[in-house]
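In: pasting the sequence and the predicted model now:
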Amino acid sequence: MKFKVTVVGGGNVGATTAQRIFEKGYADVVLVDIVEDMPQGKALDMLSSGPVLGTDARITGSNTYDETVDSDVVVVTAGIARRPGMSRDDLLMTNMKIVGSVTEEVVKLSPKAVLIIVSNPLDAMVQHAYNVSGFPRERVLGMAGILDTARFRTFLSQELNVSVTNVSAYVLGGHGDTMVPLIGSTTIGGIPVSKLIDANRLEEIVQRTRDGGAEIVGLLKTGSAYYAPSAASAQMVESILLDRKEILPCAAYLEGEYGINGLYAGVPVKLGAKGVEKIIEVELTDKEAAALKASAESVQELVDIMAKA
């Protein structure tokens, strides 16, 4: 029996995530969006690529949640992008309503699903989805750390002209300016990165990683990144459905780990059939621990704003 994955939000991130999962062939996919006929059109286009790719998976588009019943994983990408003149709080409150509404709908029809939240501001949105869903913390998580880590690994591989597969790294913390790349745990073919790149240049690469999303927005002029975010989302889905138990940086609910309690933060987790099967605590330097704490505090500010709504 094939797995079933629902992707809510048929924009660039959602549609490309649906495409990547469909092309792997291990799951049938439902793409949901409120725009009339749009998800149906995208799904039909993807379905027609099946004979070329050799996949017999099914993908359907829908404007309602009826088709999503009994999904194994639900990926939520729905939300609006920040518009000119819109404050951070405006964006927060608008997407809070969207993500809350989506979560209410999907949990009714798929009470055993694992929820992966991709909507921004990520860390606050996954916290809200967790609160609304009533699911255990293992089954509600956010996609950000894989994306941030992938950007960091990309820039390091370019700097040293080595394969990305030889770059081992983690980026923890919030998805944004407060992300925390773990320099002490970063190796290139087993060699500490600090022995290969001087501290000043390394800090420039770290800063480029923090600005990675903004750099792409600046180049595209209209819209934001979606190829790498969708690849990261699909990797999480695959690790869960195929029970691969990969150690991946994800936004997970912490209950004392890393000294953070009752809040979502980007940390390494073991991702398998049950969702978050274990939170991995890596040793941090004092500087990294302080940065992770500051990152969590910035997320807490957003959570506090939502709590007053």
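Out: Yep, that arrived. Numbering: from 1, shown residues only.
In: now the helices for the protein?
Out: Per DSSP state H, the chain has helices spanning 12-24, 38-47, 50-53, 88-109, 122-133, 145-160, 199-210, 212-220, 227-241, 286-307. These are given in chain order.
In: for Gly189, find the nearest of the ones you listed.
Out: If you check each of the helices of the chain against Gly189 by C-beta to C-beta, helix 145-160 wins as the nearest, at 9.3 Å. C-beta here means a position set from N, CA and C on the backbone, and glycine is covered the same way.
In: chain center to that closest one, what's the gap?
Out: Its chain's C-alpha centre lies 16 Å from the corresponding centre of helix 145-160 when counted by C-alpha atoms, centre = their mean, to the nearest Å.
In: model confidence at Met1, what's the number?
Out: Met1 is assigned a pLDDT of 68 by the prediction.
In: for Thr222, same thing?
Out: pLDDT, Thr222: 85.
In: could you give the angle of the longest strand along the chain to helix 122-133?
Out: Taking DSSP state E as the assignment, the strand of the chain that covers the most residues is strand 261-272. In this structure, strand 261-272 runs at an angle of 90 degrees to helix 122-133, with axes from the mean of the first three to the mean of the last three C-alpha atoms, to 10 degrees as the basis.
In: for strand 261-272, what is the average pLDDT?
Out: Looking at strand 261-272 alone, the average pLDDT works out to 96.
In: so Gln235 is in contact with Ile146, correct?
Out: Yes: using C-beta atoms under 8 Å, Gln235 makes contact with Ile146 at a distance of 6.0 Å.
In: what is in contact with those two at once?
Out: Counting by C-beta atoms under 8 Å, 6 or more residues apart in numbering, the common neighbours of Gln235 and Ile146 are Leu248.
In: tell me which of those two has more neighbours.
Out: It is Ile146, of Gln235 and Ile146, that has more neighbours when counted by other C-beta atoms under 10 Å, with 24 against 19.
In: count the residues that sit near the nearest residue to the more buried one once chain neighbours are set aside.
Out: Sequence neighbours aside, Ala232 is the residue nearest to Ile146 in space, at 3.9 Å (criterion: C-beta to C-beta, 6 or more residues apart in numbering). With neighbours defined by other C-beta under 10 Å, the count for Ala232 comes to 25.
In: for Ala232, what are its contacts?
Out: Ala232 makes contacts with Met143, Ile146, Leu147, Ala150, as judged by C-beta under 8 Å, 6+ apart.
In: likewise Val114?
Out: Taking C-beta under 8 Å, 6+ apart as the criterion, Val114 is in contact with Asp72, Val73, Val74, Arg139, Val140, Leu141, Ile240, Gly275.
In: save the helices of the chain as JSON lines, and put in distance to Thr6 too.
Out: Formatted as JSON lines, the helices of the chain follow (distance: least, C-beta to C-beta, whole Å):
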{"stretch": "helix 12-24", "distance to Thr6": "9"}
{"stretch": "helix 38-47", "distance to Thr6": "11"}
{"stretch": "helix 50-53", "distance to Thr6": "19"}
{"stretch": "helix 88-109", "distance to Thr6": "7"}
{"stretch": "helix 122-133", "distance to Thr6": "14"}
{"stretch": "helix 145-160", "distance to Thr6": "20"}
{"stretch": "helix 199-210", "distance to Thr6": "31"}
{"stretch": "helix 212-220", "distance to Thr6": "25"}
{"stretch": "helix 227-241", "distance to Thr6": "11"}
{"stretch": "helix 286-307", "distance to Thr6": "24"}
